[in-house]
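Peer 1: Whatever this is, show me its structure:
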Amino acid sequence: YTHQLELKEIIMEGRKFKELLFDIACCSMGCDGHIDDKEIRELKFINSSTSYFKNIDMTNRLESFIENLNENGQELIKSTLDHLKSELLNPVEEMLVLEVVLRLIYSDTMIDEKEISYIQSIRSLLSIDDNILIQRFGEVDFLFSTDQKIISKKEANNKSSKSSDIPNLDNMYAKLGDKK
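Peer 2: Down below sits the predicted model:
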């Protein structure tokens, strides 16, 4: 009997994590103030190709999220981050959070300053070692250092010209740890 209760608790914890992961994913899509169709497609692809959101009514939960985002987006994002802060995730769960957030943020091919701020907030709440993240995701500068100079989409557009030379591209994507 106690074994059945323990198994039930593990299943509930798994569902609780999946719900949190889904909320984090939704906030990833809406944190820049706009939910792109590409982000919705990526979320649906994640849902159909993984078990990350298994047993979650994605359609109703997403519709509800979008309504709440339109009414009080910042409060919803803060509430989700507070929920993440209150949970003790294992390393695999932390990696899943970052994987989903990165996939959704990159899905529309434009990274907004608000998205960078959101992922840095997420990262600050996780305890997984940077070296493990580098092995998994590569050196994503905004994932590892909040004090690094990051060229925002707006700045990049202002500085871009019809022909970019290689040194300008190198500077724009400077590797972590380079001191100039």
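
Peer 1: and whichever strand or helix holds residue 85, what other elements does it pack with?
Peer 2: In this assignment (DSSP states H and E), residue 85 forms part of helix 58-86. The elements that helix 58-86 packs onto, with contact taken as 3 or more CB pairs under 8 Å, 6 or more residues apart in numbering; DSSP states H and E, are helix 2-30, helix 37-49, helix 113-124. Every C-beta, even on glycine, is put in place using the N, C-alpha and C of the backbone.

Peer 1: Low-confidence bits of this protein, can you list those?
Peer 2: For the chain, residues meeting the criterion pLDDT under 70 lie at 1-13, 144-180.

Peer 1: The residue nearest the centre of it sits in which helix or strand?
Peer 2: By CA atoms, centre = their mean, the chain has its centre lying nearest to residue 101, at 1.9 Å. Using DSSP H and E, residue 101 sits within helix 91-107.

Peer 1: How about the residue nearest to the centre of the chain: what's its closest non-neighbour residue?
Peer 2: Distances taken as CB to CB, 6 or more residues apart in numbering put residue 28 closest to residue 101, at 4.7 Å, once the chain neighbours are dropped.

Peer 1: how about residue 111, secondary structure?
Peer 2: Counting by DSSP: H, G, I helix; E, B strand; the rest coil, the backbone at residue 111 sits in coil.

Peer 1: Next one: it from residue 84, what distance?
Peer 2: 21 Å (CB to CB, to the nearest Å).

Peer 1: what's the answer for residue 92, then?
Peer 2: 15 Å.

Peer 1: What is the neighbour count of the nearest residue to residue 116 once chain neighbours are set aside?
Peer 2: Excluding its sequence neighbours, the residue lying closest to residue 116 (CB to CB, 6+ apart) is residue 142, at 4.7 Å. Residues lying near residue 142 (other CB atoms under 10 Å) number 17.

Peer 1: My guess is residue 142 contacts residue 121. True?
Peer 2: No. Between residue 142 and residue 121 no contact is recorded; they are 11.4 Å apart, counting by CB atoms under 8 Å.

Peer 1: Name the helix or strand for residue 54, please.
Peer 2: Short version: residue 54 belongs to no helix or strand, going by DSSP H and E.

Peer 1: check contacts around the closest residue in space to it that isn't next to it in sequence.
Peer 2: Nearest residue to residue 54 in three dimensions, chain neighbours excluded: residue 18, at 6.6 Å (CB to CB, 6+ apart). Going by CB atoms under 8 Å, 6 or more residues apart in numbering, residue 18 touches 52-56.

Peer 1: what's the answer for residue 20, then?
Peer 2: 80, 83-84, 87.

Peer 1: Drop anything exposed from these.
Peer 2: 80, 84 (16 or more other CB atoms under 10 Å).

Peer 1: What is the nearest of the contacts of residue 20 to residue 71?
Peer 2: Comparing these against residue 71 with CB to CB places residue 80 closest, at 14.8 Å.
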